[in-house]
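Novice: kindly generate the corresponding structure for this input.
(chains A, B, C, D and E)
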Amino acid sequence: MIELNTQLVFFLILAIIAIACAVMVIILKKISHRVLSMAFCFFAIAGLYFLLRAEFIGIIQIMVYVGALSILFIFGMMMTDHKSVGFGPERKKIHKVLSFIGVGTLLGFMLYGILGMNLQPSDEQFIGSAEAIGIQVYGHYVIALQAAGILLLAALIGAIVLARKEAE
Amino acid sequence: MVPVELFLALGAILFCIGLYGVLTRRHLVIVLVCIELMLNSVNINLIAFSSIGPFANITGQVFTLFVITLAAAEAAVGLAILIALYRNRESIDAIKQDLLRW
Amino acid sequence: MLSAFDANWSLMTPEIVLLCLALLIFTIDFMTGIKGSKPFLGRLSIISLLITAILVVLTNNVSGNIAQVFIVDKFAMIFKLIILVGVAFVITISMHYLEKNSDVYQGEFYSLLLFATLGAMIMVSSADLITLFVGLELLSISSYCLAGFKKRNKKSTEAAIKYVILGGVASAFILYGMSFLYGLTGTTGILEIGRDLGALYDQYPFIIMMSLLFMLVGFGFKISIVPFHMWAPDVYEGSPTPVTAFLSVVSKLAAFGLVLRMFIIAFGSIFDEWSFLLAIFAALTMIIGNFIALTQKNVKRLMAYSGIAQAGYLVVPLATTLTPDITMSIIAFYGIAYVMMTLGAFAVITLVTESAGKEDISSFNGLYYRSPFMAIAMTVFLVSLAGLPITAGFFGKVYIFIGAVTGGMIWLAVIMIATSIVSFFYYFGIIKQMYMNEPNENDEVLNPPLSLSVMVTVAVTVTLFLGFFPGLVTKYFNSFHWFF
Amino acid sequence: MIQNAWLIPVFPLIAFIILLFFGNALKEKSSYVGITAMALSFILSVIVLVERIGGETYTFTLNWITFGDSTITMGYEVTPLNAMMLIVVTVVSLLVHIFSREYMHEDKRINVFYSYLGLFSFSMLGLILSPNILQLFIFWELVGLCSFLLVGFWYFKPEAAAAAKKAFLTTRIGDVGLLIGLVLLFNATGSFEYGAIFSAVEAGLVNDTMVTIIAICIFLGAVGKSAQFPLHVWLPDAMEGPTPVSALIHAATMVAAGVYLVGVMYPLFLVSSTAMTIVAYTGAITAFFAGTIALVNTDIKRILAYSTVSQLGFMMLALGTGGYVAGLFHLTTHAFFKALLFLGAGSVIFALHHRQDIRKMGGLWGRMKWTSITFLIGALAIAGVPPLAGFWSKEVILAAVWSNGDMFLFILAVITALMTAFYMFRLFFKAFTGEFRGDHEPHGENSKLMTVPLAVLAFLAIVAGFVNTPFGFYLEDFLLQGLNVGYQAHGEMWLVGLSIGIAVVGIGLAYLMYGKKVISSEAIRSKVPAVHKLLLNKYYMDELYQKVFVQPTVAIGKFFWEVDKGVVDGIVNFVGRATRLSGRTFAKRHDGQLQTYGLVTLIGGIAVIAVAFVLRGYFG
Amino acid sequence: MIANILTLLVFLPLAGALLIFTIPNENKNVIRSIATATSLVALLISLIVWANFDRGASGLQFAQLVQWIDIGFLQLNYEIGIDGLSMPLLVLTTVVTALAIFASFSIENRVKEFYIWTMVLLTGMLGVFVALDMFLFFLFFELTLIPMFFIIGIWGGKEKVYASFKFLVYTGLGSAVMFITFIVMFFKGAQASGEATFSMIQLAEVFANPANPEVLTSGVRAALFLALFVAFAVKLPVFPFHTWLPNAHVEAPTAASMILAGVLLKMGGYGLIRIGVGIFPDQATRFALLIAILGVVNIIYGALLALVQTDLKRLVAFSSISHMGIVLVGIASFTASGMQGAIFQLVSHGFISALLFFMVGAIYERTKTRTISELGGLSKSVPVLAGFTLAAAMASVGLPGLSGFVSELLAFIGVFGASAEILPAAKTIGVIAGIGIILTAAYLLWAMQRTTFGPMDEKYSGLPDARPLEYIPMIGLLGFSILIGVYPNILSDVINITVLDILSKIGG
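Specialist: Take a look at the predicted model:
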């Protein structure tokens, strides 16, 4: 039996917020509300990171997801006409049902696995510092870092080329 | 301490919600959002393991950093493609993108 | 933890050189205006790739690693060579393609291709989940962009959006699987994971299998095996033809290299648990890929299904009980054959479809009259793809087949041969169009550019040479100790 | 000279080859080539016979094929029997060659005709010279081929084409029996050589059942070739060929080969009494049966054809009842007088512009003197009027049948002999006496080229019998040299009387009905219309075969053809179509919706994993 | 020179093809002459081989062994050689091909390609008959597939595409089965002996070794043999795997039909004897009854179908099926004569069917029809052609003096002399086969009655008769048929020792 303590309470609140916001992302009608609930969801997740004492990542999460990505999506939303969605023929019901069953099965499968894992509960919590992350990133994972840099460059080039509006 | 399984379960649930969104939402921006959701569930896993997993260490957080980078890049590219698509088709409805088939 | 600071960084020379050259090309592109025909960039790219390839060969005696993150071994070397040569071919095809399609940004096109190549090289060389993943994403993101590079074209953008969304989901699956792998081992190093996994499996069988399966879904997507292949035909059809070639050959083989390293090194100790699964996927892939290809009229789409089927053949050795070295010899041989025959075919396809302005199979009508050389070359490629002697494809299949029989998977081998026979229908369908139909009314004699002719010649020569003397290559491969 | 006996068949072969290559240039001159070759053969045959009578003999062999430890040889040998046969064949052939010169001169393809004749003569002579039964079979088939070619000589007539096919096919049935017989024989005795076979059989190396089976199989060959019941149907139809051909092949030589075959294999038959009985009964039934049909037929050549069938049956009867010499003797004499009759008929037909219906003839006696006289001699000979050849040979046959003791056979033989005399003279009276009933006046007697052969044959028909009379059994002594074929019956006086009586009664009856017309044939006919109709339609044998064998076979063939297209190939095509169809079904899942793709991927993945897990037992 | 003569022979046509490749399309006559010359030189070489062949010696001659591919567990050798079994077929191949090339001069479009493919085909066929390494055998076997596909597909008749694909895929499937079997044999052989080899000779020893029963159980061997049988049955073809043949034969151009019927089918029979019986003598005898029954079914079924055909060429195609049944019956008897009969039949049918197809082609070229009911009276319009057609039909019927008779005779002697343990009901089978002979006569003669005989259709008057060039294949093929028919010893002394070798393994 899991002992109810402060951490758990926080966890539960944040988890419920995250799940609720995630669900709202897919069920809300207005597109702007959806993006907003996404931001809240990410925010809740950032809270979880703090709970796990991964503060650096938590901050990054807020900066990148809640900050940058949400704005990006809102830009994306605004640059395309949101009215252009929702007209015309709806997808067959069977699609949704099958998706639900499929995803449900998958979830059951995953939860069955996760909850049946029986991990030894670790008493001590590992607390990573930004310095440790920095040493790792610039040391052991320096190749990945460089590659990520190129990745961003490539994404940049690609995004510019694709999104650029040329004179006809 | 909260057991790591709960974090993992949360990750699994978010992952599946994201997946369901990808599979059923017509608005392609939302589809991209859902992908971000799926990637976030990965991050939850990684952080949870990194913090209170059986072999807790810093690597998980490093991994998360890269995942976030990737997610950002992918979102950017995705949106760029979306915009190009919109210019071509006047629509970002997932259902209408069916020129290529059979 | 091993330090990366005092590692032998010379091991990365080819990658570093390629990166520099790629950036150089990108810079040159900046300095020569936004648009317009820039064939010199193509040539420069090819030269860069060849320089890199030479560097790869020159460093072939060195094997080692950088902090167990980046590994240089025979496996990496061969796959890098395949990738580099493949990309060089793709760029040759692109040069012709871009000449006909001036609306594509050329400098960016080549740069992205080179970045993707770099990603592929990192992928096949990395021994760490993070590096591996970043490499994969570098390749993928470049590919997403490339698929939509003909941005005025509705099909191209549609292909790109499908690719980016499904690809993103696939990445999420891979990452999700990886997260468990990391969580249970506490490390991202493949070698370490491989060391610990056997014991871990006894402890957490279900969760290990789950993470494996999640990764399999993602990797299966990248190498387009059934039932994770659904995106491939659409994306291949919509993308610019050179990109299709890139995706179906380089991208696929690089991903395959990744899969191999993951499954043989990381999951090697639980081989019995996944081999059967892979065998089923392989069987499905061969059957469905070949069956659907029968019904295709669009040549690029047909090649997509053909590529799916070929991926199925490639999975067969992985699913059979062989020593890693033999598995690798088999796959590497087929990989080389695959590069040659598929890219050769794509070169001809590009030439023909760009001339006809449509991608229907009927654009091949009477190719023999219009360009006998291209028709004959295409015949060689198709015959090789169909797996008939005396071509590289034939011997590659024989090799796979013998491996499967030796590994006790006769049923899989039989499916492989049977579906190859089915593939006769569509491969020879194209041959029929070339030889037995009259040319369409408006078709003229084709004048392939020199570069393309040279490339096709090389591909034909290698295809036939490997068919005649496979021993020269296989002997060499057999002397390898593939993995670090 | 006997060592060079191989030249006898080779001359006509050379003629054949010359005509094959230069025939078109030679045209009518072709006949000279053929006649010369045959003349040479004839001369050589006479020499060989003389030397053989003088006791010389010669055998030559050559390895033909080797398999395992067995070697089959080919070659030639001269025995009393084949020395005699050589004469018969070369004489008739030579005369037919000469006769045809005139008979066929209007035909543009006379060169082809002569080349075929050459090939036939070669084959027939080769058959006779064969030292083993396999070689005999080879030539046996070749004469069949020649028969086919010559019956179908006027291929543009549909009847001729059909008749040629029928002749070949029907004999082929017998030939397959023969082939099986000799294969069995080979497997039983290890050789095809006559001597080796007989010594093995006599030594009891082959069990009795096997001997009987072999003998029956071999006899089957003879049945086909000699047109015995029930394979006789081809011979009357074979009359579609030119008349000289009928005389040569379908009267004198080839059809007698069956009899010759039984004669050659006689020691084997003697071992099996069952086989002998079958031979005897087949012969008797055939003789009777064909005789009855000949009673009512109206086509001059077909009457002769049925007569031939009947006479061949007679020979078989003789052989089957132990009359070895009798059968072969009749073979010889029959060859001469039947050739004579056929050539005579040919002469008539030629004169009547190729009309063959005896109801449209009559009164030819005055118009064609030589033909008429020689035909009468032939008729008398076949009717068995002494001292003509037919009398002597028929008399020994009756003796053999009588001594065999089976009354049924004897009665059949007597009735047949009676019928023979009757129908031959029915033919004679109808065609040669009375008023001319045709619409085209005959152009009178034919040239010497045609009448001289008739005369020669008439002479032979008269004298040939003297080689074996109760006053001197020269032939018997000659043929039985070194052979052990049992006791040969000779006629007693009452038998001689009986056979003279039969001839007289038969001829008399015919005279009364068709010469004097005292008895009305119409009246008899109207009394038993069913019988008449039955006979006129040849017992409906053709129709029966058509219904029982030909049509069902074709029907089965058609059925299998449908099965082949529908089922056997249908499955193949179905597999192809099903593959394509399933491909299309799979392809339909690619409906362009990226979310469908995701769903298919998800569901497919789950399904495959589930299946694999179940198969591998992860869930249990 | 003599040592490498087989290699020279096999690859000479390939060289010819390369030479033709360099000639411009327009020089049709040059191309034709090169093709003709190449095929004639090949013929000459094969005759030299024939002349130098030691008839008295058992075992392989002109053998050559070069290591080709060697990678640990996989060793492929270029191992060739001939014995009494392959020698006649080698000559058959060169003869029929050379004559088919003479028959193909009427082809006017895409001459160059045609001869290139023909030359490649020739290499493939020759290779099949000399290969002693199963892998090499398979390579050559497959090498015949593509040229024939092109030849049917480009120069064929109305339904050429269907026919070419059917040929390709159907016989491709056959080869696939063969290939699978070869690999499994290779693998099992390696398991049993520890030595990985594709060599037919070595494998035969491995499989015959009684010390290997654990790996090579009777069941395994039976399965392998049956799989081989199916593989070769497709090519031979054996009912019910025959349906590709009528399509392919009917649509193929004359020369290709000649080669197809004359040589290609023989590869099936050859493979069955060489590999099926050669490596699995025990299994071959075990399934003798099955083989014999299939043989008889082939004979009767083919003949019945031929009987009702309306297309002359298809009739000839079905006659091929019928005749191939004799090969099976001969093999199934497992006697020296039966086996020799089978080989004789392979050779003999090679000449005869090629001739028949040539005749049908020549008639079609003139009358533009192959429908039997539309022909008739050809003896009048084209007497020489009609004569040769008749001769060919007679040869096919099995008339003595022509080669068909010898093979039938030998097969009959074999089947009637077969040991009851190996082939029960041998006599029944023999008698049914005998009925097949009658049926053969029936359909061929009926066909002749309706085509060459009968009244001539006016529209066929004035058709040109045989051209001088056409005499070459006609006389050549008929000549060989007569030669073998009249003096079979010319073949039997070559074949006999090899046949005895094969039979000695059976121990019967």
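
Novice: spatially nearest residue to the residue in the stretch 151-300 of chain E positioned nearest to chain A (excluding sequence neighbours)?
Specialist: Residue of the stretch 151-300 of chain E nearest chain A, by Cβ to the nearest Cβ: E:V169 (36.5 Å). Every C-beta, even on glycine, is put in place using the N, C-alpha and C of the backbone. The shortest distance from E:V169 to any residue that is not its chain neighbour, by Cβ to Cβ, 6 or more residues apart in numbering or on different chains, is 5.3 Å, and that residue is C:F424.

Novice: tell me how many other residues crowd the one you found.
Specialist: By other Cβ atoms under 10 Å in any protein chain shown, the residues close to C:F424 number 24.

Novice: in contact with it, which residues?
Specialist: C:F424 sits next to C:386, E:165, E:168-169, E:172 when contact means Cβ atoms under 8 Å, 6 or more residues apart in numbering or on different chains.

Novice: circling back to that earlier point, surely the residue of the stretch 151-300 of chain E closest to chain A meets C:I421?
Specialist: Yes: E:V169 sits in contact with C:I421 when judged by Cβ atoms under 8 Å, with a separation of 6.0 Å.

Novice: neighbour count: those two, which is higher?
Specialist: Neighbours per residue, other Cβ under 10 Å: of E:V169 and C:I421, the larger number sits with E:V169, 24 against 21.

Novice: helix or strand: which one has the more buried one?
Specialist: When secondary structure is defined using DSSP states H and E, the element that contains E:V169 is helix E:160-193.

Novice: just give me the neighbour total for D:V548.
Specialist: Should you count by other Cβ under 10 Å, D:V548 turns out to have 10 residues around it.

Novice: that one and chain A, how far apart?
Specialist: When Cβ to the nearest Cβ, to the nearest Å is applied, the distance between D:V548 and chain A equals 65 Å.

Novice: confirm that residue sits in a helix?
Specialist: Yes: in this structure, D:V548 lies within a helix as judged by DSSP: H, G, I helix; E, B strand; the rest coil.

Novice: give me every residue that touches it.
Specialist: With contacts defined as Cβ under 8 Å, 6+ apart, D:V548 has no neighbours.

Novice: report pLDDT for it.
Specialist: The predicted structure scores D:V548 at 88 on the pLDDT scale.

Novice: from chain C, how far out is it?
Specialist: Counting by Cβ to the nearest Cβ, the gap between D:V548 and chain C amounts to 47 Å.

Novice: again with E:F53
Specialist: Using Cβ to the nearest Cβ, one gets 29 Å for the distance from E:F53 to chain C.

Novice: burial count for that residue?
Specialist: Residues contacting E:F53 under the criterion other Cβ under 10 Å number 18.

Novice: what sits closest to it if chain neighbours are left out?
Specialist: E:M87 (5.6 Å).

Novice: tell me which element the one you found is part of?
Specialist: For E:M87, the secondary-structure element it belongs to, assigned by DSSP H and E, is helix E:86-103.

Novice: now do that helix: distance to the chain's middle.
Specialist: Here helix E:86-103 shows a centroid-to-chain-centroid distance of 10 Å under the convention Cα atoms, centre = their mean, to the nearest Å.

Novice: now stretch E:57-73
Specialist: Distance, centroid of stretch E:57-73 to centroid of chain: 24 Å (Cα atoms, centre = their mean).

Novice: please identify the helix or strand for the residue in chain B positioned nearest to chain E.
Specialist: Checking chain B residue by residue against chain E with Cβ to the nearest Cβ singles out B:W102 as nearest, at 22.5 Å. Secondary structure here is read from DSSP H and E; on that basis B:W102 sits in neither a helix nor a strand.

Novice: name the residues of the stretch 51-200 of chain D found near chain E, please.
Specialist: Applying Cβ under 8 Å from any Cβ of the partner chain, we find that the stretch 51-200 of chain D lies next to chain E at D:63-70, D:134, D:137-142, D:145, D:148, D:152, D:155-158, D:160-162, D:164-165, D:168-169, D:172-173, D:176-177, D:179-180, D:183-184, D:186-187.

Novice: please repeat the previous calculation with a cut-off of 7 Å.
Specialist: D:63-68, D:137-138, D:141-142, D:145, D:152, D:155-156, D:158, D:161-162, D:165, D:168-169, D:172-173, D:176, D:179-180, D:183-184, D:186-187 (Cβ under 7 Å from any Cβ of the partner chain).

Novice: can you tell me which of these are buried?
Specialist: Among those, those scoring as buried are D:64-68, D:137-138, D:141-142, D:145, D:152, D:155-156, D:158, D:161-162, D:165, D:168-169, D:172-173, D:176, D:179-180, D:183-184, D:186-187 (criterion: 16 or more other Cβ atoms under 10 Å in any protein chain shown).

Novice: got the residue ranges for the strands in chain A?
Specialist: Across chain A, reading from the start of the chain, there are no strands by DSSP state E.

Novice: residue ranges in it under the pLDDT threshold?
Specialist: Judged against pLDDT under 70, the low-scoring parts of chain A cover residues A:1-4, A:81-89, A:121-123, A:167-168.

Novice: per the record, what domains does it have?
Specialist: Following automatic domain parsing, one finds the domains of chain A at A:7-81, A:133-163.

Novice: okay, the ones you listed in JSON lines with distance to E:F416 next?
Specialist: As requested, the domains of chain A are arranged in JSON lines below (distance: least, Cβ to Cβ, whole Å):
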{"stretch": "domain A:7-81", "distance to E:F416": "84"}
{"stretch": "domain A:133-163", "distance to E:F416": "81"}
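
Novice: name the residues of stretch D:105-119 that are buried.
Specialist: Buried residues in stretch D:105-119, defined by neighbour count with 16+ other Cβ under 10 Å: D:109-119.

Novice: show me which pair in the contacts of C:F424 is furthest apart.
Specialist: For those, the farthest-apart pair by Cβ to Cβ is C:A386 and E:F165; their separation is 12.5 Å.

Novice: okay, the two: which has more neighbours?
Specialist: In this view C:A386 and E:F165 are compared by other Cβ under 10 Å, and C:A386 has more residues nearby, 26 against 22.
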